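Asker: The following block contains a protein sequence and its predicted model.
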Amino acid sequence: MKSLCLPSLSIVIPVYNEMESIIPLLHEIQNVLSNQKGTYELIIVDDGSTDLTFKKLIEYRSLHPDFVIIKLRKNFGKSAALNAAFRFASSELVITMDGDLQDDPNEIPNFITKMEEGYDLVSGWKYLRNDPITKTLPSKLFNYLTRIITGVNLHDFNCGYKCYKKVVLDTIDLYGEMHRYIPALAAWNGFKITEIKVNHRPRQFGRSKFGSNRLFKGVLDLITVKFLTNYSSRPLHIFGLLGIISFLTGFIIGLYLLSLKYFQNANIGDRPLLLLAVLLIFIGLQFFSIGLLGEMITLRGHRDVRVNQYVETIVGENIV
């Protein structure tokens, strides 16, 4: 590194099959940061690439041994890659960016300047986005839905270009597609967040990792975020409400059937409504138990997972 003291800035870049892009990106970043005051560190996470990405990084590091490479055993996803890097970041300010050259390193000073205004998290906003409509349209719908559900007024939750205080990252456990919702989780924890417009460049190499399955998983994780941020400390407020609705509906139907039996001497044993009443009562009871227990176990389990279970190799972890 540029000195023996702790770096003032950590740059975290998760990559997956970006062998053409990552080395030019490292050149750009180092050129930009060489003109800035203070020290920095680069942490590259190879998320199980199947091309020559890791080999390229090793070759580059033999000439420029001033960054850390974390190689994961397989493609665990962006959240796991970021989570691994965050545990190794040693500065109090962390910037994340994608490794496909679409994020412009010249925006790094702008992030730092905005952070100096007293924010804990600054998110990038790809205001003029250079992507096909197959990515931009779903992204706009997703961002709109996320704003409505989380109440966090950001335009671009999907943007991987962000700047954080390390204390923000220490309060968050990432898994699934949860990296998209770091601003929502940070806001729920009381941190000050904002966004800045960033230059977004066209993709030069490779192909996008975006797919419909990621969008589907992202929506499911959005539901999880809504639950964790609004009901994790009072989960019965949601499951209890659903359980009460189901239980009372079944109970009322049951009372109706009993009135038919005892006041009109009707035979209710073969009526479908009787089965429905019993089913609704049992569903109501399950809302109080299975759903709540499942979400709590999931959250606790991911808090207890050691991030090192993903890591295969670390090159340069002793650099400070």
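Answerer: Cool, the structure landed.

Asker: helix or strand right after the top helix by length along the chain?
Answerer: The longest helix of the chain (DSSP state H) is helix 236-263. On the C-terminal side of helix 236-263, the closest following helix or strand by DSSP states H and E is helix 272-286.

Asker: could you give me the average pLDDT of that following helix?
Answerer: Mean pLDDT, computed over helix 272-286, is 86.

Asker: now the longest helix of the chain, how far from the centre of its chain.
Answerer: Computed by CA atoms, centre = their mean, to the nearest Å, the separation of helix 236-263 from the middle of its chain amounts to 39 Å.

Asker: who does that helix touch, helix- and strand-wise?
Answerer: The contact analysis (3 or more CB pairs under 8 Å, 6 or more residues apart in numbering; DSSP states H and E) places helix 236-263 against helix 212-231, helix 272-286. Any C-beta I mention is one placed from the backbone N, CA and C, and that applies to glycine too.

Asker: for the chain, which residue is closest to the average position?
Answerer: Centroid check for the chain by CA atoms, centre = their mean gives His179 as the closest residue, at 1.4 Å.

Asker: got a list of what Ile58 touches?
Answerer: By CB atoms under 8 Å, 6 or more residues apart in numbering, the contact set of Ile58 is Ile69, Val315.

Asker: pLDDT weak spots in this protein?
Answerer: Across the chain, the ranges flagged by pLDDT under 70 are 1-7, 176, 206-219, 228-240, 290-292, 294-310, 317-320.

Asker: Need the outlier residue of it, farthest from its centre.
Answerer: Asn265 (59.6 Å).

Asker: Check the spacing between Lys37 and Phe227 real quick.
Answerer: 43 Å (CB to CB, to the nearest Å).

Asker: Have a look at the two and say which one is more surrounded.
Answerer: Counted by other CB atoms under 10 Å, Lys37 and Phe227 do not tie: Phe227 has more neighbours, with 17 against 6.

Asker: Quick check: the more buried one vs Leu273, distance?
Answerer: To Leu273, Phe227 is 32 Å away according to CB to CB.
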